[in-house]
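Participant: no FASTA, just this:
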């Protein structure tokens, strides 16, 4: 159970952010789990690596929230794969998560900047 | 939590496996595309992926509380609750089972008889056409009129005539009597039915002189060994060789029964005397409305045609109208109101059962409030708890429904023994998928009905507030008490409604029992015999056959007397004719007096145990060459010869312009009920077979003991006279009589059953509420007694509450009944739907039962020992 705990800790840490990243990725069109992981990795220039133990629970949770729907389709290599598609609800959620994220980064930036200002003083 | 995994659908598990497998393979492929060797690519991909089983597990955790799993959890919990309180559960399940069972049983009959579509193409467009006059609203159709309708009408795709036909089948083992129909060649096309073997009749076969052909029913075809070769071969029917051209589908039925054989009407014109326009002996007409023509329009057109025919043929058609009824109405018009009243009755029982169960659950919910508060404190959302309670109640409903189906499957057989045999399609009644679906739906709806109030009540605004309260204290909230009181009032009101329905139908039935049929039905056997017209061509031959038969049967030990007659009383048949009274004003056709008549043997009145009021019965002096005579009934004597002695007066059959020889009245006999005890007594007269021999008669045998034991002996007497002569429709007059009363006796018995069920449920409801109040207020009563209240005061207090509920319920029920019973007026006889005695009686009965139900808990309240009650506080 030790490793499970580790995963769950990471989920907790990443939860809000990971959802945001997944939803944002799906804005480009339906994609399967591996493709989503790859896209996040590529777009973040290999900085963000999402491990499967976080990605799949997140995808299934988003599906349960009906922000995405899973559809079985034929993938680029000719195999059946589960593609996730953004729903209208998902788009709304993405918008609100984005503004939340913007607020958060702004707030954090404010905190960090004020610290630097104090240093200068 | 772990066992819940088992409940995840296997498909989801499989899909997750596939999804992760695909991920892994994509990773391998990506690495290979970047130039890694296959072996290494797989290894590093696996390494990067991590523990597959673990990924699966954490993903599955997301599914954790999906509805199915939650449902299973709730259901398990519900089952545990049910087994924890077995007595409570048993009462609820039994109550529901009775309600659901009663409804399912009645519905299976409604479904089999009324709802299942008739086996024809688009049956809703089929209509039955008949003729009528003012005195005789329902008459069969004369064939020449039918031909004119066919030419003149535009509303119908097709019109086809049909009439009864009875054949003696010989040359194939024992002689057999076959009941069939003579039909127009396009009858099957009108119904939209095709033979499954061979072909339909051709138009040229529907004419006199054409080679005789028949279409067999599937059943008859099977009985005659189901040989393919039979189509094309000949059968000897009443002495005529007929070629079999087709076989009907197995489910074919038409107009009160399953005819075993169809014969072209055009070849049977003699049988129906179909060439005379004034003969309305036996034909009816079925039509198929054009799709765009509504029933009213067709009625309008047929009225216009009736008027044209009146002008064209005044001597035969004046005063005649045409009735157009839907096929469904014609078949089920009589039984439909009875079934609907019963269905409503069963529905009321179920509603009462719901109210009772809701009350029980409300009581239970009080004891569960702490549990529910605990769950809420632990984070269960109100919606989740609501669902959990509903699941629990639904489980109760389903178990009740299952037991209800058991009750219904047993009940349907007993019901069928009650329902009149004349009802069409009785043999089609069974517990099929539709009935099971119905039971399922009402079980679920019932669960919602009885579950909503308690589930809602359990949730309303007491988040956590109950945890730190004791369950005694002030007792249940005022609102909850109001809710329970409202349920009891509803129950009482519904019970009153049902009891009034039952009371009215009981009064009708008792009224009916006092009606005398005019004859003594006990120990009389009736057998029908049709002599073959080829063999008994000479009427004198037929007369001598029946004379010998009656003499032979009377010689059988155990037989008191025997006679023949046509038509049989209470058989559903009746013969009518116009007649002329000597010395009475001349009437226009269609308005001349009209009466039922019978042909009989001299021994008829003795065998039926009817009484002779004046004059004499027929005897040996009435011969074919002597003065034509007639015997009339009392009603006819009073109506046409009031205040004088009709014996010796004269009348004649037919109408003024078409007069037959005078008949001398020789006697007056008592009235009999020809069409059922609930019908008005009509004028009736009797003609002697001796002067008008007939080949088709009913043999009536009055016996000293059980009449059916003599059937064998009678059969051998018939065989001695003519081996090829079958007899049929063997019935006792007692069964005929009870059949005519069956719709009312069914309503009476079932409504009685329902209302006693309702009464006991309501009594239990009142009792339950009051005992609960008493147990909740033990402390209060103890205090009151300690402070000096008299036991009488306590008694009055509790009784007062019970009485108030009862009174409210009774008033609501009486009001409801006042408006609702009018819908059952067609099921009643001799009693008004708002019969005061019944209303008052039901109110009193319910009052007494309620008094008793209140008294037990009230008495308990007076016995409270104040010291004990207060110490427990």
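Facilitator: Thanks, I have it. If you're wondering where the values come from, they're calculated on a predicted model, not measured in any experiment. Residues are numbered from 1 along each chain as shown, chains lettered A, B, ... in the order given.
Participant: residues near the residue in the stretch 651-800 of chain B that chain A sits nearest to, how many?
Facilitator: Across the stretch 651-800 of chain B, the shortest distance to chain A (C-beta to the nearest C-beta) belongs to residue B:772, at 43.2 Å. In this view, the C-beta of every residue, glycine as well, is placed from N, C-alpha and C. As a burial measure, residue B:772 scores 20 neighbours (other C-beta atoms under 10 Å in any protein chain shown).
Participant: now swap in residue B:728 and tell me
Facilitator: By the other C-beta under 10 Å criterion, the neighbourhood of residue B:728 contains 14 residues.
Participant: repeat that for residue B:72.
Facilitator: What residue B:72 shows, counting by other C-beta under 10 Å, is a neighbour count of 15.
Participant: and it, what's its pLDDT?
Facilitator: On the pLDDT scale, residue B:72 is placed at 73.
Participant: gap between the residue of the stretch 651-800 of chain B closest to chain A and residue B:807?
Facilitator: Separation of residue B:772 from residue B:807 (C-beta to C-beta, to the nearest Å): 20 Å.
Participant: return the list of helices and strands in contact with the longest helix belonging to chain A.
Facilitator: Counting residues, the longest helix found in chain A (DSSP state H) is helix A:88-120. When contacts are defined as 3 or more C-beta pairs under 8 Å, 6 or more residues apart in numbering or on different chains; DSSP states H and E, helix A:88-120 packs onto helix A:2-26.
Participant: and stretch B:229-245, which residues are buried?
Facilitator: B:230, B:231, B:234, B:235, B:236, B:237, B:238, B:240, B:242, B:244, B:245 (16 or more other C-beta atoms under 10 Å in any protein chain shown).
Participant: do the same with stretch B:296-307
Facilitator: For stretch B:296-307, using 16+ other C-beta under 10 Å, the buried residues are B:298, B:299, B:301, B:302, B:305, B:306.
Participant: now do stretch B:693-711
Facilitator: B:693, B:694, B:695, B:697, B:698, B:699, B:700, B:701, B:702, B:703, B:707, B:710.
Participant: and what about the fifth one, helix, strand or coil?
Facilitator: When the structure is reduced to helix, strand and coil (DSSP: H, G, I helix; E, B strand; the rest coil), residue B:698 reads as strand.
Participant: what's the answer for residue B:625, then?
Facilitator: Criterion first, three-state DSSP; result for residue B:625: coil.
Participant: now the one 5 residues further on
Facilitator: Three-state call for residue B:630 (three-state DSSP): strand.
Participant: which residue, neighbours along the chain excluded, lies closest to it?
Facilitator: Excluding its sequence neighbours, the residue lying closest to residue B:630 (C-beta to C-beta, 6 or more residues apart in numbering or on different chains) is residue B:663, at 4.1 Å.
Participant: same deal with residue B:767?
Facilitator: residue B:853 (4.3 Å).
Participant: follow-up on the earlier one: export the buried residues of stretch B:693-711 to a markdown table and tack on pLDDT?
Facilitator: What follows is the buried residues of stretch B:693-711, written out as a markdown table (pLDDT from 0 to 100):
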| residue | pLDDT |
| --- | --- |
| B:693 | 84 |
| B:694 | 85 |
| B:695 | 84 |
| B:697 | 90 |
| B:698 | 91 |
| B:699 | 93 |
| B:700 | 94 |
| B:701 | 94 |
| B:702 | 95 |
| B:703 | 93 |
| B:707 | 89 |
| B:710 | 89 |
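Participant: name the nearest of those relative to residue B:393.
Facilitator: Nearest to residue B:393 among the buried residues of stretch B:693-711, counting by C-beta to C-beta, is residue B:707 at 55.9 Å.
Participant: what's the separation between the closest one and residue B:285?
Facilitator: The value you get for residue B:707 to residue B:285, if C-beta to C-beta is used, is 39 Å.
Participant: try residue B:445
Facilitator: Residue B:445 is 44 Å from residue B:285, by C-beta to C-beta.
Participant: okay, the two: which has more neighbours?
Facilitator: Relative neighbour count places residue B:285 above the other of residue B:445 and residue B:285, with 25 against 13, counting by other C-beta under 10 Å.
Participant: measure that one to residue B:136 for me?
Facilitator: To residue B:136, residue B:285 is 17 Å away according to C-beta to C-beta.
Participant: residue B:269 now?
Facilitator: 23 Å.
Participant: repeat for residue B:848
Facilitator: 50 Å.
Participant: between the two, who's got more neighbours?
Facilitator: Shown here are residue B:848 and residue B:136; by other C-beta under 10 Å, residue B:136 has more neighbours (18 against 10).
Participant: which SSE is that one in?
Facilitator: Counting by DSSP states H and E, no helix or strand carries residue B:136.
Participant: against residue B:723, how distant is it?
Facilitator: 41 Å.
Participant: do I have it right that residue B:663 meets residue B:648?
Facilitator: No - using C-beta atoms under 8 Å, residue B:663 is not in contact with residue B:648; the gap is 11.7 Å.
Participant: and those two? which has more neighbours close in?
Facilitator: residue B:663 (22 against 10).
Participant: tell me the pLDDT of residue 35.
Facilitator: Reading this off chain A. Predicted confidence (pLDDT) for residue A:35: 91.
Participant: sorry, I should have been clearer: chain B.
Facilitator: 88.
Participant: how about the one 3 residues further on?
Facilitator: On the pLDDT scale, residue B:38 is placed at 88.
Participant: if I look at the closest residue to it other than its chain neighbours, how far off is residue B:745?
Facilitator: Leaving out its chain neighbours, the residue that sits closest to residue B:38 by C-beta to C-beta, 6+ apart is residue B:32, at 6.0 Å. Per C-beta to C-beta, residue B:32 is found 87 Å from residue B:745.
Participant: between those two, which has more neighbouring residues?
Facilitator: Taking other C-beta under 10 Å, residue B:32 and residue B:745 do not tie; residue B:745 has more neighbours (20 against 15).
Participant: from what I see, the more buried one and residue B:737 are in contact.
Facilitator: No - contact between residue B:745 and residue B:737 fails when scored by C-beta under 8 Å: they sit 10.9 Å apart.
Participant: ok, residues contacting stretch B:764-779?
Facilitator: Defining contact as C-beta atoms under 8 Å, 6 or more residues apart in numbering or on different chains, one finds that stretch B:764-779 is touched by B:352, B:355-356, B:359-360, B:363, B:472, B:475-476, B:481, B:484-485, B:487-488, B:491-492, B:781, B:798, B:801-802, B:805-806, B:850, B:853-854, B:856-858, B:860-861, B:864, B:869-870, B:872-873.
Participant: any idea how far it is from the chain center?
Facilitator: With C-alpha atoms, centre = their mean, to the nearest Å as the basis, stretch B:764-779 stands 41 Å off its chain's centre.
Participant: and chain B, what are its domains?
Facilitator: Each domain of chain B is listed here as a residue range: B:2-64, B:134-319, B:335-514+B:740-872, B:533-723, per automatic domain parsing.
Participant: ok, how many other residues are close to the residue lying closest to residue B:725 once chain neighbours are set aside?
Facilitator: Residue nearest to residue B:725 in three dimensions, not counting chain neighbours: residue B:718, with 5.7 Å by C-beta to C-beta, 6+ apart. By other C-beta under 10 Å, the residues close to residue B:718 number 19.
Participant: any idea how far residue B:240 is from residue B:531?
Facilitator: For residue B:531 relative to residue B:240 (C-beta to C-beta), the value is 15 Å.
Participant: go on, residue B:425?
Facilitator: Distance, residue B:425 to residue B:240, using C-beta to C-beta: 32 Å.
Participant: next: residue B:493.
Facilitator: Relative to residue B:240, residue B:493 is positioned 66 Å away (C-beta to C-beta).
Participant: after the helix or strand where residue B:800 lies comes which helix or strand?
Facilitator: Per DSSP H and E: residue B:800 is located in helix B:791-820. Along the chain past helix B:791-820, the next helix or strand (assigned with DSSP H and E) turns out to be helix B:836-862.
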